[in-house]
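Peer 1: what would the 3D arrangement of this be:
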Amino acid sequence: MFALALLLALVWLGFALLDRRWRIEPRLRSADDSYAGERVVAVVPARNEALELPRTLAALLAQEHGGLSVVLVDDHSEDGTGEVARGLAAAAGAVERLTVITPPPLPPGWAGKVWAQHHGVQQALAQSPDWIWLTDADIRHQPDVLRRLLATARFEGRDMVSVMARLRCATAWERLLVPAFTYFFASLYPFGRIRHDGSRAAGAAGGCVLVRRELMERIGGMEAIRGAVIDDVAFGTACKRAGGRIWLGYHPGVESTRGYDDLEGIWNMVARSAYSQLRYSPLLLAGCVLGLAYMFFLPVALVWFAGGALRLLGIVAYLAMVRTYLPMNLYLGAGAGWSLLLPVAAALYTAMTISSAWRHHAGAGAAWKGRAYKAG
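Peer 2: Prediction:
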């Protein structure tokens, strides 16, 4: 037990002192006019998003970059999403910059969101833009975001630039679980390694992805990830495998407006896709559960139930853990005190992952916007 506790403390100390995955970096570059003449088409899949669009589509149409047009894919909404979008464009004096389309019914083998994006991308490609900007109907962009994306692409020499949206942390459940979601994502998909051209690590954050038209065409468009449940990671992987230079980072001006008022909403959001990250493998699931127990539960157990040197090692591991989690809580506005509850959040995410596996083996599949489908 001493050897396990010593190794645990050393791992957490190494993570806190030597690793950079928990730091809120990199950030988008300052906006400039180096890409002022570039044409960009934003593609927005929207299914029953009439309540979100006044906060998000209006901000998208208000981007400072003059070469932007928007394709909104009204995916068989039942709440007047398309009509709301057209009304917002009319109010903004941007009717000519908004195209609203409706895709055919979802065919077998396609994930719902990706199917909607596919038709939006096809519409965008027909306009021969320089860039395609994939964003979601629940993402609000500050006015200079597109200029910052383009500036970052130019300065970094990138074919794809993606930003992890700043998720909402208003309710108690959000403060407990949302920072942990981004913290775990950045640990699983290290942003620094993703930027490294020689690394196999790849990924993106689906709420904000700017990609060169040539790269989109090279990978075969969204059909390359037609059945992907975790579509953003799959898209980033496809881009990197095709030789694209990709970038993933943060910017506080890219904000999610989607809220989760209770545990059920967050649970369903995670459980619908967590098992796919483990490639639907019971063996990998068992390894994941054991790894989480060792890294996040054992420090607490040592602090509460051990004594002497074991308790000291547990304290060291726990404090190092909290240190790495603190910046994410501050960045998302949850508050420093919630950093102390990372083991609780980890326990709940462990349960969500097990729930995801149970749903898969029970034949429940995954879902997007109330529509169930089998993952590819």
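
Peer 1: low-scoring stretches of the chain, by residue?
Peer 2: Scanning the chain for pLDDT under 70 picks out 364-376.

Peer 1: all strands of it, in order?
Peer 2: Using DSSP state E, the strands found in the chain span residues 40-46, 68-74, 98-101, 131-135, 139-141, 160-166, 208-212, 246-256, 366-368, 371-373.

Peer 1: export those to JSON lines and tack on mean neighbour count?
Peer 2: For glycine as for every other residue, the C-beta is placed from the backbone atoms N, C-alpha and C. Listed next are those as JSON lines, based on neighbours: other CB atoms under 10 Å:
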{"stretch": "strand 40-46", "mean neighbour count": "26"}
{"stretch": "strand 68-74", "mean neighbour count": "24"}
{"stretch": "strand 98-101", "mean neighbour count": "18"}
{"stretch": "strand 131-135", "mean neighbour count": "27"}
{"stretch": "strand 139-141", "mean neighbour count": "24"}
{"stretch": "strand 160-166", "mean neighbour count": "26"}
{"stretch": "strand 208-212", "mean neighbour count": "25"}
{"stretch": "strand 246-256", "mean neighbour count": "22"}
{"stretch": "strand 366-368", "mean neighbour count": "20"}
{"stretch": "strand 371-373", "mean neighbour count": "15"}
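
Peer 1: possible to save those as TSV with distance to Ser199?
Peer 2: Conversion of the strands of the chain to TSV gives the following (distance: least, CB to CB, whole Å):
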stretch	distance to Ser199
strand 40-46	28
strand 68-74	32
strand 98-101	37
strand 131-135	23
strand 139-141	27
strand 160-166	15
strand 208-212	19
strand 246-256	10
strand 366-368	28
strand 371-373	32
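
Peer 1: dump the residue contacts of Ala36.
Peer 2: Counting by CB atoms under 8 Å, 6 or more residues apart in numbering, Ala36 touches His65, Gly66, Gly67.

Peer 1: hmm, which of the residues you listed are the buried ones?
Peer 2: Among these, those buried by neighbour count (16 or more other CB atoms under 10 Å) are His65, Gly67.

Peer 1: and of the contacts of Ala36, the nearest to Phe297?
Peer 2: Closest approach to Phe297 among the contacts of Ala36 (CB to CB): His65, at 47.3 Å.

Peer 1: quick one, what contacts the closest one?
Peer 2: Tyr35, Ala36, Glu38, Val40, Leu146, Arg147, Leu150.

Peer 1: ok, it to Pro190 distance?
Peer 2: Distance of His65 to Pro190, given as CB to CB, to the nearest Å: 30 Å.

Peer 1: do Gln117 as well
Peer 2: From Gln117 across to Pro190, the span is 26 Å (CB to CB).

Peer 1: who's more crowded, those two?
Peer 2: Neighbour tally, Gln117 and Pro190, criterion other CB atoms under 10 Å: the higher count belongs to Gln117, 29 against 17.

Peer 1: correct me if wrong: that one contacts Gly221.
Peer 2: No: Gln117 lies out of contact with Gly221 (CB atoms under 8 Å); the separation is 9.0 Å.
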